[in-house]
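Novice: Here is my input, please return the structure:
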Amino acid sequence: MPEQEVIIIGGGAAGLAAAVACKQKGIEDILIIERGDYLGGILQQCIHDGFGLEKFNTSLAGPEYAQRYIDQVKEKEIPFLLNSMVVSLTPQKEVIVVNNNGLTHYRARAIILAMGCRERTRGAISIPGARPSGIYTAGVAQELINLKDYMVGEKIVVLGSGDIGLIMARRLTLEGAEVIMVAEKLPYSSGLPRNINQCLYDFDIPLLLSHTVVDIEGNGRLSRVTIAQLGKREGIIPQSKRKIACDTLLLSVGLIPENELSREAGLTLDNITGGPQADERGQTSVSGIFACGNVLQVHDIVDNVSLEAEYIVEGVAEFLERKINQKAGNQN
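Specialist: As a prediction, the model looks like this:
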């Protein structure tokens with residue numbers, strides 16, 4: 001069974017920053033395991049700028065931000081596996097990876113979880129109605145448009161005012177679609193103020209607060225949605241319901257840490273963040289397993305993901321040093 005000093009699960013912003021920081025701390029035996037086709041994670045489909053203002057003191061597009069770390073990973077000759085899925089993680093820090101080469105078992109002295117997060121779907125928020133095509137999460141729509149050159153629709157309603165929903169409202173407008181509205185069930189937007197201004201107000205896209213989608217219609221393809229206003233106490237206000245003709249509904253209704261491996265490894269999960277509980281150094285309830293980035297808690301800004309990953313590596317290095325000292329003491 002191959003043994004590594006540190007295995008990093010996830011090759012996105014957190015995983016790349018953690019790998020580079022490990023190397024800078026003198027940790028040599030590192031392996032990044034990424035399930036996708038490329039390093040960089042979600043950053044590769046975020047072609048808008050605004051990344052790196054804190055970390056690099058300049059405004060970068062997502063792929064540019066990722067490339068700065070990818071270049072360092074390659075310069076420092078840090079090994080990585082692509083198209084490789086971790087299917088098992090044990091409290092003993094044993095990892096099973098499946099890829100085109102089959103199954104491989106690894107053991108590590110320390111594990112860094114950097115799997116990121118996933119989007120809430122229609123099922124997670126229980127929108128009633130038909131089940132036609134034309135309903136996407138905002139991240140999936142972003143991938144289809146920016147990476148696969150596929151336009152998702154012509155008349156769009158966006159549900160949820162998270163940052164990715166706001167950014168996609170602008171992106172779709174620039175691609176020639178009509179974004180009819182962004183509806184948000186809360187009485188305030190959950191997106192950053194700069195995104196509200198730059199993505200909605202600059203393009204005259206209406207933002208309807210305290211509104212939600214209460215029904216979906218369509219035979220084959222989405223044809224209309226019903227939206228309604230939400231009262232402070234009474235919930236849906238029946239007389240406020242109105243039908244909106246559209247062919248696409250984009251969902252930007254929240255993110256959830258990818259916690260399947262965390263559960264399998266027996267980590268204690270936080271009821272508020274949805275990610276594993278961790279101490280001030282990012283160590284989870286299982287000794288030697290650390291977490292950083294969106295798998296720990298969802299971040300608004302990628303710079304903070306990188307900075308957090310670099311910070312928790314201090315804890316990883318201290319943990320490994322203690323293990324070495326304990327082993328030396330036992331031998332004496």
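Novice: Next, count neighbours for Q297.
Specialist: Around Q297 there are 18 other residues, counting by other CB atoms under 10 Å. Any C-beta I mention is one placed from the backbone N, CA and C, and that applies to glycine too.
Novice: Next: the one 3 residues further on.
Specialist: Residues lying near D300 (other CB under 10 Å) number 13.
Novice: One more: D29?
Specialist: Close neighbours of D29, defined as other CB under 10 Å, add up to 13.
Novice: Repeat that for M85.
Specialist: M85: 14 surrounding residues under other CB under 10 Å.
Novice: what's the distance between it and N99?
Specialist: Taking CB to CB, to the nearest Å as the measure, M85 falls 7 Å from N99.
Novice: And L186, by the same measure?
Specialist: Distance, L186 to N99, by CB to CB: 42 Å.
Novice: cool, and R68?
Specialist: Per CB to CB, R68 is found 26 Å from N99.
Novice: okay, these two: which has more neighbours?
Specialist: Taking other CB under 10 Å, R68 and N99 do not tie; R68 has more neighbours (17 against 14).
Novice: Quickly find the element holding the more buried one.
Specialist: Per DSSP states H and E: R68 is located in helix 62-75.
Novice: What residues sit buried inside that helix?
Specialist: Using 16 or more other CB atoms under 10 Å as the burial criterion, the residues of helix 62-75 that qualify are 62-70, 72-73.
Novice: cool, stretch 260-267 as well?
Specialist: Across stretch 260-267, burial judged by 16+ other CB under 10 Å covers 261-262, 265, 267.
Novice: Those in helices, which ones?
Specialist: 261-262 (DSSP state H).
Novice: what would the buried residues of stretch 260-267 look like in JSON lines with pLDDT and distance to M181?
Specialist: Formatted as JSON lines, the buried residues of stretch 260-267 follow (pLDDT from 0 to 100; distance: CB to CB, whole Å):
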{"residue": "L261", "pLDDT": "96", "distance to M181": "38"}
{"residue": "S262", "pLDDT": "96", "distance to M181": "37"}
{"residue": "A265", "pLDDT": "96", "distance to M181": "43"}
{"residue": "L267", "pLDDT": "97", "distance to M181": "40"}
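Novice: and I244, what helix or strand is that in?
Specialist: Assigning secondary structure by DSSP H and E places I244 in strand 242-245.
Novice: Please apply the same query to I96.
Specialist: Going by DSSP H and E, I96 is in strand 94-99.
Novice: Would you mark the buried spots in stretch 181-195?
Specialist: 181-185, 189-192, 195.
Novice: Let me see the mean pLDDT of it.
Specialist: In this model, stretch 181-195 has a mean pLDDT of 94.
Novice: picking that back up, tell me the mean pLDDT over the helix holding R68?
Specialist: According to the model, helix 62-75 has a mean pLDDT of 98.
Novice: before we move on, what about stretch 13-32?
Specialist: For stretch 13-32, mean pLDDT is 97.
Novice: go on, stretch 117-125?
Specialist: Stretch 117-125 carries an average pLDDT of 92.
Novice: in that stretch, what counts as buried?
Specialist: Neighbour counts over stretch 117-125 (16+ other CB under 10 Å) mark 117-120, 122 as buried.
Novice: Now, those that are in helices?
Specialist: Counting by DSSP H, the buried residues of stretch 117-125 contribute R122 to helices.
Novice: could the buried residues of stretch 117-125 be laid out in a markdown table, adding distance to V253?
Specialist: As requested, the buried residues of stretch 117-125 are arranged in a markdown table below (distance: CB to CB, whole Å):
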| residue | distance to V253 |
| --- | --- |
| C117 | 13 |
| R118 | 12 |
| E119 | 8 |
| R120 | 5 |
| R122 | 9 |
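Novice: So which elements touch the helix holding R68?
Specialist: When contacts are defined as 3 or more CB pairs under 8 Å, 6 or more residues apart in numbering; DSSP states H and E, helix 62-75 sits against helix 13-24, helix 302-331.
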